[in-house]
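next comes the sequence, and after it the predicted model I'd like to discuss.
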Amino acid sequence: MRFWNYKSEEFYALYTKIYDSNFPMEKKKVMLRSLFSGEYCLMRITSISKLCYEEYKKNNFKKVTKFKRVNKRFVRHQFITFSETLTEILKRKVPMKDFWKEIDENEKTHLITRGERDKEEYLYINIPIEGGYFLNKTVGFEYGKKEELYLKYISQYRIRWRKMTLESKKKETEREEEN
């Protein structure tokens, strides 16, 4: 049985075997990508935008499957791609605690609409990781009763939205890389 916050030593052992192998870098990436395919730790939704929340609210917090306009479709926006994460962990052999820490940090994802991504600006709220909400699947993310109840619960309170500008996030990432 797979748990949403499961961090296996077996994953790390396979990573070290792949790292130590004589395969070229691209082959190592392909092997690690297939190893992690569909795991909950990838593309972990840590925030939801105001427009996504409003779409769920209009639908009485049920799963939204039919969108009236294409720019309202939900997308998972990653700030660092898994390919970039793989490059980072394959440049040097990473100790186990840092291996999972790097994956956790880099796989933070926001659930936003296509229109918000195109505008490069949106309002959002964080989602607590402890609840295991909006978990990654092989294709898409989970949205069931647990997510529905969570969104209904937070709708009873005043929500303090934060503002995200995607361009500033890119610049922030670039500044961190320079230092």
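Noted; the coordinates are in hand.

partner residues bridging Asn126?
Ser47 (DSSP bridges).

so who does Glu9 touch?
Met96 (C-beta atoms under 8 Å, 6 or more residues apart in numbering). (Glycine included, C-beta is placed from N, CA and C.)

model confidence for it, exactly?
For Glu9, the pLDDT comes out at 85.

pLDDT on stretch 135-151, on average?
Mean predicted confidence for stretch 135-151 is 87.

hey, C-alpha coordinates of that stretch in CSV?
The C-alpha trace of stretch 135-151 is given here as CSV (Å, rounded to 0.1, in the frame of the first residue of the first chain):
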residue,chain,number,x,y,z
LEU,A,135,-2.4,14.1,-4.4
ASN,A,136,-0.5,13.3,-7.6
LYS,A,137,-1.7,10.4,-9.7
THR,A,138,-0.1,8.9,-12.8
VAL,A,139,-2.3,11.3,-14.8
GLY,A,140,-3.7,14.4,-13.0
PHE,A,141,-4.4,14.8,-9.4
GLU,A,142,-6.8,13.3,-6.9
TYR,A,143,-10.0,15.2,-6.1
GLY,A,144,-12.4,13.4,-3.9
LYS,A,145,-14.5,13.8,-0.7
LYS,A,146,-11.5,14.8,1.4
GLU,A,147,-10.7,17.7,-0.9
GLU,A,148,-14.3,18.7,-1.2
LEU,A,149,-14.7,18.7,2.6
TYR,A,150,-11.5,20.7,3.1
LEU,A,151,-12.6,23.5,0.6
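
from the chain's centroid, how far away is that stretch?
13 Å (C-alpha atoms, centre = their mean, to the nearest Å).

over to stretch 56-75?
19 Å.

for stretch 144-156, same thing?
The answer for stretch 144-156 is 19 Å, by C-alpha atoms, centre = their mean.

quick one: average confidence on stretch 19-38?
93.

got any ranges where this structure has weak pLDDT?
1-6, 69-71, 168-179 (pLDDT under 70).

now do the strands in it.
44-49, 74-78, 108-113, 121-126, 162-165 (DSSP state E).

which among those is found nearest to Tyr133?
strand 44-49 (7.1 Å; C-beta to C-beta).

still on that earlier bit, any chance of the strands of the chain in CSV, plus mean neighbour count and distance to Tyr150?
Below are those laid out as CSV (neighbours: other C-beta atoms under 10 Å; distance: least, C-beta to C-beta, whole Å):
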stretch, mean neighbour count, distance to Tyr150
strand 44-49, 22, 10
strand 74-78, 18, 16
strand 108-113, 22, 13
strand 121-126, 16, 11
strand 162-165, 13, 18
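
so which of those strands is nearest Glu26?
That would be strand 74-78 among the strands of the chain, by C-beta to C-beta, at 20.2 Å.
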